[in-house]
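Trainee: Could you look at this predicted model? Sequence included:
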Amino acid sequence: MLRIIKWALTAAPFIYMALIWYMSSNPADMIVKMENDSFDRFFKESLHLVEFAILYVLFVLALLAHDRLTYAASFAAALAAGFYGLIDEIHQSFVPYRSATLIDAAKDLLGVAVCLLIVNRTYFGNKNHAIARGLEKVRVKLNG
């Protein structure tokens, strides 16, 4: 069972990347369109802050599953998530009814940076923090 969980955590960031690519290959309103246009725009713009932050967290979990989470690996995961955010913005510029803006790219990077800061300040800095304890539990359960 542990092997399946490790495999799933390893595959999760790449599956999520494919999902991001699929979603950004479609017009913005194809999947979800809310009644209130102002809320719809606010909600979708807010997703930029979390979309690639989630990708970074999935990379962190994959690294933990193999007991490979180091400060450098955490930074590399953030770079990968941020770079994929930039690639996604470029990709969207070629999709009809989609657009790519520097503001969107900045929001993608900001979400990743906040999560990087949280992981680095807790997991590597304050082992007594609830987030650090949770990440450590995952690492220990999966690696013994």
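Mentor: Nice, I can see it.
Trainee: Poorly predicted segments of this protein, please.
Mentor: In the predicted model of the chain, residues 28-45 satisfy pLDDT under 70.
Trainee: just so I have it, where are all the helices in it?
Mentor: Remark: helices assigned in the chain by DSSP state H are 2-24, 37-65, 71-92, 102-122, 130-143.
Trainee: Can you give the contact residues for the third one?
Mentor: It refers to helix 71-92. If you take Cβ atoms under 8 Å, 6 or more residues apart in numbering as the criterion, helix 71-92 is touched by 17, 20-21, 24-25, 51-53, 55-56, 59-60, 63, 98-101, 104-105, 108-109, 112-113, 115-116, 119-120, 123-124. Quick note: C-beta positions are derived from backbone N, CA and C, even for glycine.
Trainee: distance of the residue nearest the centre of the chain from residue 127?
Mentor: Within the chain, one residue has its C-alpha closest to the average C-alpha position: by Cα atoms, centre = their mean, that is residue 55, at 1.9 Å. For residue 55, the distance to residue 127 equals 25 Å [Cβ to Cβ, to the nearest Å].
Trainee: before we move on, the earlier item: give me the nearest residue to the residue nearest to the centre of the chain, chain neighbours excluded.
Mentor: Closest residue to residue 55 in three dimensions, ignoring its sequence neighbours and counting by Cβ to Cβ, 6 or more residues apart in numbering: residue 81, at 4.3 Å.
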